[in-house]
Each structure stands twice: as C-alpha cells, then as structure tokens.
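[1] Pasting a predicted model and its sequence here:
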Amino acid sequence: MASTGLQLLGLVLSLLGWAGGAMVCAAPLWRVTAFIGNSLVRAQVVWEGLWMSCIIQSTGEIQCKTYDSVLALPGDMQAARGLCMLALMLCALALALGVLGAKCTRCLGRPSLKARVAQVAGALFLLAGFLYLIPICWTAHAIIRDFYDPAVADPHKRELGPALFLGWGMSALLLIGGALLALGSASPGPGSSLSFRAKNNPSKPAEGEEPAKAYV
C-alpha cells in the first residue's frame, strides 16, 4: 500500500514539474533588463526568453516579438531550446509509461512487468529533470558572468529572470517525482516472497526437515 502511495505521489510531482517546465520554456522571462545601482540602464524594460523577446514601454504597453532567425541566435540559446524540447518529450513518454506501470491500473497483467515499466518511467523523469537543469544553469552562469564583466556595456547587461527560479523548482519536482516513482515501483526481494509463502503454508515443512507425524 505504501509503495502505491509513493508511485502516485511521484506521478503527481512529475506531472506538476512537466507542466511547470513547459511554462518555463515558453515564458520570455529568462533574462530581464538589469539595474545598475538605483537606475535602470535602459529607458525600456526588456524581457528575453528562448522563443521571443518583449519590450515594456514606460506607458505600460508590452510588445512581444519572436526571433526572426534560429541560426542567428547564440549557440547556448539554440542548445537550450533543444534540451528543453527533449526534456518535454521525455516527460510525455515517462508519464505514459508511469500510468501503464502504476499498481492502481490494470493496463499490464504481470506485476513484475508493471514494476519494470514504472521504474523506466521514473528513470526518464530523472533524466528530464537533469536536462531541464542544464540550460537553466547555463543561462544563469552566462548572465552572472556578463553582469560582472567590465568589458560588457551596461545596456547589454541582464539580470536573472523569474523563469530561471521557477525552472529550478520544476527541475526539483521532476527529480523528486522520478525518484519516488522508481522507489515505489521496486519489486520485493526474494526473501520477502519466501517468508510470504511460508506464512501462507504453515503446515509445509522446511527443506531438510521431516514432516511431523500425527499420533492417534
């Protein structure tokens, strides 16, 4: 019963991490306009993401535009796109396998096969969580490096956007959910199965032991 609860908790956490990770990948809030001292380095607030950039005017008007060319983007941004899409596809596959291998479903017949499928789903969620972490940590490192680099002009400096912090949280949900799903799907060891059989058959003698004779 406890293992079933771990499976369900792992699936729920992984599903939340998957949905939040999709929002992080689509949000244009990875890089935001930096403040140097107490003043804004630009008259307009700029948001930058993997797929689009937005400009907020002083009047509150927001203008968003997708990037014109994928090839014109920096190499780290192209890699971040690919890793995020790969992580999303792995999460979709892991969710399908996790539902099939859950103990509360009747999709697969053999319990051993269901356990293996659920363990594979947990491993895929763990891999997706690591894939999410790579572009987020890479982008955060580039932002911090450029912010403290005196060779970079102030108008080109950026700060960490809220999408990065949300991405760290979603990665943690995927890692924790995948680990719980894998732990809850572990098949019982041979010792537990033998003890279970012994309890069900108390009259059966152990190996090497003579059966007890009944006297009238």
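    Thanks, I have it.
[2] ok, L97 - contacts?
    Applying C-beta atoms under 8 Å, 6 or more residues apart in numbering to L97 gives the contacts V117, A118, V120, A121, L124. Heads up, the C-betas are built off the backbone N, CA and C, glycines and all.
[3] For the protein, which segments count as helices?
    Secondary structure of the chain (DSSP state H): helices located at 2-26, 75-101, 111-147, 162-184, 190-200.
[4] export the contacts of L97 to TSV and tack on pLDDT, distance to G20 and neighbour count?
    Output for those, formatted as TSV (pLDDT from 0 to 100; distance: C-beta to C-beta, whole Å; neighbours: other C-beta atoms under 10 Å):
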residue	pLDDT	distance to G20	neighbour count
V117	88	25	19
A118	87	22	30
V120	91	23	19
A121	91	18	29
L124	95	17	26
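[5] in this protein, which ranges drop under the pLDDT threshold?
    Within the chain, the stretches with pLDDT under 70 are 1-2, 34-43, 107-109, 187-216.
[6] 90 - rerun?
    Within the chain, the ranges that satisfy pLDDT under 90 run 1-8, 10, 32-48, 53, 55-79, 98-119, 146-159, 181-216.
[7] who's in contact with the nearest residue to L183 once chain neighbours are set aside?
    Excluding the flanking residues, the one nearest L183 by C-beta to C-beta, 6 or more residues apart in numbering is L6, at 5.8 Å. Neighbour list for L6: L180, L181, L183, G184 [criterion: C-beta under 8 Å, 6+ apart].
[8] ok, how many other residues are close to the second one?
    Applying other C-beta atoms under 10 Å, we find 32 other residues in the vicinity of L181.
[9] ok so, going back, of all the contacts of L6, which two lie farthest apart?
    Spatially, the most separated pair among the contacts of L6 is L181 and L183, at 7.4 Å (C-beta to C-beta).
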